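Visitor: from the sequence below, what's the structure:
(one chain, ligands or ions: 1)
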Amino acid sequence: MGRAKISLIGGGQIGGVLAQLCALRELGDVVLFDIVENMPQGKMLDIAEVARVDQFDVDLKGTNSYADIAGSDIVIVTAGLPRKPGMSRDDLLGVNAKIMKQVSEGIKEYAPDSFVIIISNPLDAMVTLCQKVTGFPPERIIGQAGVLDSNRFCSFIAWELGVSVRDVNAMVLGGHGDTMVPIVRYANVNGIPVMEQLVRKYGEAKAKEVMDAMVQRTKMAGGEVVKLLGNGSAFYSPASSAIAMAEAILRDQKRVLPCCALLKGEFGVDNYYVGVPCVLGAGGIEKIIEFELDAEEQAMFDNSVAAVKGLIDELPSILPDMADVLNS
Ligand code: APR
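Guide: Residues are numbered from 1 along each chain as shown. Predicted structure coming up:
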């Protein structure tokens, strides 16, 4: 059996880390595409020239031609501008929608059978746009946000409780914006509720304050990194998160990961892409796992979906030539 082929559209900060992780894990042969001439070729040469040290046997190619993504099993998209300090992800809509349209047309033409994982922001709107342009079945167009947002939440809990993050489970659902929904009720350390641990440590009132602060930090975690970096946004963590998703698909792992998926009535949402728990395997999004939200969670989730809808409603004015498809 031949090796898998992974194409990365966007060879910037995240694209470079993605390429290196694909190689280190020997996920398959990798193509790195960017519109900037020579840069993706340079990055791939750089990574390839350490194959002996890192002990991997995969082919790495940088390119400026979409033809090179032909036959891809998975395409991961990071093309687009990152935020600058003070910007929200939503501020990227106008410029990144135009880029995403172009990228989606390239994928549709040259890699029509691929699974597509999108990282570009604003995430939920970019995933929606890619699905509309490609017309691919929704189980093959997936957004990376929840894996990272959930991991951030898990990290804050682990640091607070002084336990290994490997034993922490917590999920963040909804849109990948400031309205995202960390699910506090089910946050646990090897099955033991986090809230109970916080109450034992601090008492009722302070425990709630501590949890609220972790929830708030989770929602703003991307911005915290943007502010510190001063130039660009998080890149190691989104890359690793997307690789976990790609690996789940390529190795048919049936992992349960929060992904940006098209809802058809689940969680009370019809026909919008937002973050929900999914089973990821060889069929892409093989299942959306629905569970009962309590009234407060549902209200936050609905609020988050409303924010995503607001962005989707803006797309036809940004891409007037696509208004018909976008409104369909
Ligand atoms: N086609 C392909 N690549 C493009 C296009 C295009 N039309 N337009 C821009 N790019 C490339 C840029 O040349 C750049 O190399 O996308 C790359 C983006 O890389 P960075 O600017 O380093 O951004 P990065 O940190 O990788 O983030 C990419 O992911 O998390 C999101 O908000 C983030 O939207 C941003 C995206």
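Visitor: pLDDT score for whatever residue of the chain ends up closest to the ligand?
Guide: Of all residues in the chain, Gly12 sits closest to the ligand, at 1.8 Å by CB to the nearest ligand atom. Where you see a C-beta, it was placed from the backbone N, CA and C, and this is true even at glycine. Confidence at Gly12, expressed as pLDDT, is 98.
Visitor: got a list of what the nearest residue to it once chain neighbours are set aside touches?
Guide: With CB to CB, 6 or more residues apart in numbering as the criterion, Gly12 has its nearest non-adjacent residue at 6.5 Å, and that residue is Thr78. By CB atoms under 8 Å, 6 or more residues apart in numbering, the residues touching Thr78 are Leu8, Ile9, Gly10, Gly12, Ile14, Gly15, Leu18, Ile119, Ser120, Pro238.
Visitor: change it to 10 Å
Guide: Shown in contact with Thr78 (CB atoms under 10 Å, 6 or more residues apart in numbering): 8-18, 34, 103, 117-121, 144, 235, 238-239, 242.
Visitor: does the residue of the chain closest to the ligand touch Val77 like I think?
Guide: No: contact criterion CB atoms under 10 Å: Gly12 and Val77 do not qualify, at 11.6 Å.
Visitor: neighbour count for these two, which is higher?
Guide: Between Gly12 and Val77, counted using other CB atoms under 10 Å, Val77 has the larger neighbour count: 30 against 19.
Visitor: show me where pLDDT drops low in the stretch 201-328 of the chain?
Guide: Across the stretch 201-328 of the chain, nothing is flagged by pLDDT under 70.
Visitor: for it, what spans make up the helices?
Guide: Secondary structure of the stretch 201-328 of the chain (DSSP state H, counting those that start in this stretch): helices located at 204-219, 221-229, 236-250, 295-318, 323-327.
Visitor: what is the neighbour count of Met171?
Guide: By other CB under 10 Å, the residues close to Met171 number 22.
Visitor: contacting residues around it?
Guide: Here Met171 is in contact with 146-147, 149-150, 153-154, 181-183, 186-187, 256-258, 275-277, 291 (CB under 10 Å, 6+ apart).
Visitor: still on that earlier bit, list the contacts for the residue of the chain closest to the ligand?
Guide: When contacts are counted by CB under 10 Å, 6+ apart, Gly12 touches Asp34, Val36, Met39, Pro40, Lys43, Thr78, Ala79, Gly80, Leu81, Pro82, Gly232, Phe235.
Visitor: if any of those are buried, give me the ChimeraX selection for them.
Guide: Selection of the buried residues among the contacts of Gly12 in ChimeraX, burial being defined by 16 or more other CB atoms under 10 Å:
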select :34,39,40,43,78,79,80,81,82,232,235
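Visitor: the contacts of Gly12 also near the ligand: which ones?
Guide: Applying CB under 6 Å from any ligand atom, the subset of these adjacent to the ligand comprises Asp34, Val36, Thr78, Ala79, Gly80, Leu81, Pro82, Gly232, Phe235.
Visitor: identify the residue nearest the first one in space, chain neighbours excluded?
Guide: In space, not counting the residues next to it along the chain, Asp34 is nearest to Gly11; the distance is 3.5 Å by CB to CB, 6+ apart.
Visitor: OK, contacts around the one you found?
Guide: 18-19, 32-36, 39-44, 62-64, 78-79.
Visitor: change it to 8 Å
Guide: Shown in contact with Gly11 (CB under 8 Å, 6+ apart): Ala19, Leu32, Phe33, Asp34, Val36, Met39, Pro40, Lys43, Gly62.
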